[in-house]
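In: Let's see this in three dimensions:
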Amino acid sequence: MRFRSFRARLLAVILALVGGAQLAALAIVATVHNANARREISHDLDEAARQFQKEIERGNGYLARTVGALTGDYAFKQIFVLSPDDRATLRSALESFKLRAQPDVVAVLSLDGQTLAETRDGPSAAVYYRALAKAADTSPNLRATSYGVIDGALFSLTAAPIRAPDVVAWIIAGIRLDRKFVADLKETSGVDITLRHHGQTLVTTVRQPADFLSVTQPLALADGDTAEIVLQYSWDEKLAPTRRLERLLAIVGGSSLALAALLAVGIARSISQPVRALAEFTEHVARGDYARRIVLDRADELGRLATAFNRMSEGLAERDRIRDLLDKNVSPEVAAQLMRDGGALGGEEREVTVLFADLRSFTSLSERLPPRELVALLNRFLDRMSAAIEHEGGVIDKYIGDALMALFGAPVSQSEPADRALRAALAMQAALAGLNRELAAEGQPALAFGIGINTARVVAGNMGSRRRLNYSVVGDGVNVAARLEALTRTPEYRATILASEATLRAAQGHYVTRALGSIVVKGRAEPVQAHAVDGFA
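Out: Sure, this is the predicted structure:
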């Protein structure tokens, strides 16, 4: 994801860190609580299973004691001695016993497995009675306990013998594991209990479907069949306190996230606003507005950065003032060369075209005109000539009183330097004509000049001392250009612009020229082939 502002990026980072930490904390808490809940539920289920077994054993123990009391009762045993076929009397005795001991079912079974009497109506549960009596008969203490599903309910059954004095019958007593039984067990254990037989629920404490952790234990029935007790603990119920804690943590986390967002916005604003101010300040500096200053009333890194920016602006302003003065004293190209070379002395050999221009009769002008007017007139002349040279890409090397020296092809290499010099010279001639018309209108005398042009290999570079230097060119080719300019004073040549043979050979344009032949110039033994340049062809 890309952000358009530092504020948005910082806000996103802080919210991601805080939000990630909160989510990680919630995940850790939930994981720990779930693990603890599973351990506690497993423990509670195991404890509930033990309590169920204890309750069954307690009930069976009670039944065993009450059945033992009944079988030891003399009147009860006399029924089997005196009236073994009097089933009505036998049932009456069982009903009386049921009222006293309060079992849910009581039955008497003959030694051959016939049900002699039973306190319940409906289909007989003889299959469980016979199986239990058989188990008791093989037991060392003639006692047996087991389970049976009677009338759609699970019973815990106990069998004991009736002696007179030998065993003459079996008495079966049972307690119903009904809703009250499982409800009481749930209250003590906290675990939901479901009793099932062949997939059918006999009784349960579960009121509505939920996510349960459960343990299923088989219950062997007296007839060899199997029922099940399912101990269940509601996951939601167990985790309810944890869920409340997690909600509280979520609220706290959300509040801390909101607070972090507010703090992040404040921090981002405290950083982004100064940074934006610094960026705006930089744009002004980039446009050359060095007078502007940035004020950040803070002692941190941004405050020091603002101070550094102000100093940079002052330095740039000073540099531009120096560069402006440099540009006014030398050409921009020479100034750039000096900036690149760092003012190092030295030079390089290269082919350039040198142009010299000199104002005629300047001495007589100096005698006639006051100094201020003379300087003003000279500046007007040099300004027009310089403009024509710079238009062709030439570089003013130096002003020498009423003369100037220009370079084409140095310090920056150019295409067609000879043509540029020739075009500049003809443009200077036209510019002088225009200046003379202005001077005539002002009642001042006309000006005249001479131009010499030569193309040659020279040494170009920074020359002078380590404290003061000047970019220029030296060599015989420079002297030739100066001598050609001096020859324009010769009346018989009738020429304002003189160019060497080398310049015309290097030129690619077409010009109106007059060959003046070989001319011996001052200070040079070898003659120069000179040509007068009168215009464009």
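In: Show me what V167 is bridged to.
Out: On the basis of DSSP bridges, V167 is bridged to R163.
In: residues of stretch 502-514 that come out buried?
Out: A502, T503, L504, A506, A507, Y511, T513 (16 or more other C-beta atoms under 10 Å). Quick note: C-beta positions are derived from backbone N, CA and C, even for glycine.
In: Keeping just the C-alphas, turn that stretch into PDB.
Out: Extracted as PDB, the C-alpha positions of stretch 502-514 are listed here (Å, rounded to 0.1, in the frame of the first residue of the first chain):
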ATOM      1  CA  ALA A 502      42.300  29.000 -42.100                       C
ATOM      2  CA  THR A 503      38.900  30.600 -41.000                       C
ATOM      3  CA  LEU A 504      37.400  30.500 -44.500                       C
ATOM      4  CA  ARG A 505      38.600  26.900 -45.000                       C
ATOM      5  CA  ALA A 506      36.900  25.900 -41.700                       C
ATOM      6  CA  ALA A 507      33.700  27.800 -42.500                       C
ATOM      7  CA  GLN A 508      30.900  25.900 -44.200                       C
ATOM      8  CA  GLY A 509      28.700  28.900 -45.100                       C
ATOM      9  CA  HIS A 510      28.900  31.100 -48.100                       C
ATOM     10  CA  TYR A 511      30.300  34.700 -47.800                       C
ATOM     11  CA  VAL A 512      31.300  37.600 -50.100                       C
ATOM     12  CA  THR A 513      35.000  37.800 -49.600                       C
ATOM     13  CA  ARG A 514      38.000  39.500 -51.300                       C
END
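In: Now, the buried residues of stretch 502-514 that are in helices?
Out: In this view, the buried residues of stretch 502-514 that belong to helices under DSSP state H are A502, T503, L504, A506.
In: now, which of those sits nearest L94?
Out: A506 (145.3 Å; C-beta to C-beta).
In: check which helix or strand covers the residue nearest to that closest one when sequence neighbours are not counted.
Out: Using C-beta to C-beta, 6 or more residues apart in numbering and skipping the chain neighbours, the partner closest in space to A506 is A418 (3.8 Å). A418 belongs to helix 417-441 when assigned by DSSP states H and E.
In: What mean pLDDT does that helix get?
Out: Helix 417-441 shows a mean pLDDT of 95.
In: circling back to that earlier point, how about the ones in helices among the buried residues of stretch 502-514 in a markdown table, adding pLDDT?
Out: What follows is those, written out as a markdown table (pLDDT from 0 to 100):
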| residue | pLDDT |
| --- | --- |
| A502 | 94 |
| T503 | 96 |
| L504 | 95 |
| A506 | 95 |
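In: I'd like the distance between the residue nearest to A506 and R58.
Out: A418 sits 128 Å away from R58, going by C-beta to C-beta, to the nearest Å.
In: Give me the secondary structure label for V459.
Out: Following DSSP: H, G, I helix; E, B strand; the rest coil, the label given to V459 is strand.
In: With adjacent residues omitted, what lies nearest to it?
Out: G347 (4.6 Å).
In: List the neighbouring strands of the helix or strand where that neighbour lies plus their orientation.
Out: Per DSSP H and E, G347 falls inside strand 346-359. Strand 346-359 has its sheet partners listed here by DSSP bridges as strand 403-408 (antiparallel), strand 449-464 (antiparallel).
In: ok, so of the ones in helices among the buried residues of stretch 502-514, who is nearest A446?
Out: Among those, and counting by C-beta to C-beta, the member closest to A446 is T503, at 27.7 Å.
In: That closest one contacts A425, doesn't it?
Out: No. Taking contacts as C-beta atoms under 8 Å, T503 lies outside contact range of A425: 10.0 Å.
In: any shared contact partners between those two?
Out: I453 (C-beta atoms under 8 Å, 6 or more residues apart in numbering).
In: what about the host helix or strand of L305, average pLDDT?
Out: Under the criterion of DSSP H and E, L305 resides in helix 301-329. Summarised as a single mean, pLDDT over helix 301-329 is 67.
In: next one: stretch 276-290
Out: 73.
In: Just the buried positions in that stretch, please.
Out: So for stretch 276-290, counting by 16+ other C-beta under 10 Å, buried means A277, L278, F281, V285, Y290.
In: Redo those as TSV? Include distance to D358 and secondary structure.
Out: TSV is the format used below for the buried residues of stretch 276-290 (distance: C-beta to C-beta, whole Å; DSSP: H, G, I helix; E, B strand; the rest coil):
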residue	distance to D358	secondary structure
A277	57	helix
L278	54	helix
F281	50	helix
V285	44	helix
Y290	41	coil
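In: May I ask which two of those residues are separated the most?
Out: The distance between the two most remote of those (C-beta to C-beta) is 16.6 Å, for A277 and Y290.
In: In contact with L487, which residues?
Out: Counted by C-beta under 8 Å, 6+ apart, L487 has contacts G450, G452, Y493, A495, L498, I519, V521, A530.
In: For the fourth one, give me its contacts.
Out: If I follow you right, that is A495. Per C-beta under 8 Å, 6+ apart, neighbours of A495: L487, T488, R514, L516, A532, V533, D534.
In: Taking those together, which two end up most distant?
Out: L487 and D534 (15.3 Å).
In: so for the helix or strand harbouring L109, what's the average pLDDT?
Out: Using DSSP H and E, L109 sits in strand 105-110. For strand 105-110, mean pLDDT rounds to 86.
In: Next: stretch 76-87.
Out: In the prediction, stretch 76-87 has an average pLDDT of 70.
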